[in-house]
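[1] Mind folding the following:
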Amino acid sequence: MPYTRLETDRRSIIATDAKQQVAEVLDAVQRAPIVIGRHARDQAVLIAPQKYDRLPGLAAHDLQSFCDHVGAKAAAVRWTASKLAALLHSDD
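    Numbers count the residues shown, from 1 in each chain. Predicted structure coming up:
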């Protein structure tokens, strides 16, 4: 199958080849995401259903990790909740 390896662990294929090789594409998407391009532009990304199902949980986990990190940094410099609130509501 005429895939091009990208920096990330995903592959790309043009739409015409994807249509002609559906069975191979479905097998390959179990190993890595596949970007489908048409007219020299990325049009879609195919991912395995198991990875798709994990996306909402990953986003929530990433947000919680970010909030925990920011909270720890604020605590380290002794910023209070009122100080953080003032910064967030600042017009500057």
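[2] Give the lowest-confidence helix or strand of the protein, using mean pLDDT as the measure.
    One helix or strand of the chain scores below all others by mean pLDDT, DSSP states H and E: strand 4-5, with a mean of 41.
[3] Do me a favour and get the backbone dihedrals for the residue nearest the centre of the chain.
    Computing the C-alpha centroid of the chain and ranking residues by CA atoms, centre = their mean puts L55 first, at 7.9 Å. With angles defined as degrees, to the nearest 10, L55 sits at phi -60, psi -50.
[4] gap between it and A15?
    24 Å (CB to CB, to the nearest Å). In short, each C-beta sits where N, CA and C put it, glycine included.
[5] Repeat that for D53.
    25 Å.
[6] the more surrounded of those two?
    Using other CB atoms under 10 Å, the more surrounded residue of D53 and A15 is A15, with 13 against 10.
[7] phi, psi of the nearest residue in space to the more buried one that is not next to it in sequence?
    Nearest non-adjacent residue to A15, counting by CB to CB, 6 or more residues apart in numbering: R38, 4.2 Å away. Backbone torsions of R38, given as degrees, to the nearest 10, read phi -150, psi 140.
[8] got it, and V77?
    phi -100, psi 10.
[9] Is the residue nearest to A15 bridged to anything, and to what?
    For R38, the beta-bridge partners are R41 (DSSP bridges).
[10] thought it was touching I14?
    Yes: applying CB atoms under 8 Å as the test, R38 and I14 come out as touching, 6.8 Å apart.
[11] Can you pick out the residue with more neighbours from the two?
    Between R38 and I14, I14 has the larger neighbour count (other CB under 10 Å), namely 16 against 12.
[12] what about the more buried one, distance to L26?
    According to CB to CB, I14 and L26 sit 17 Å apart.
[13] cool, R41 as well?
    R41 is 23 Å from L26, by CB to CB.
[14] neighbour-wise, which of these two wins?
    Shown here are R41 and L26; by other CB under 10 Å, L26 has more neighbours (12 against 6).
[15] Would it be right to say that the more buried one lies in a helix?
    Yes: counting by DSSP: H, G, I helix; E, B strand; the rest coil, L26 falls inside a helix.
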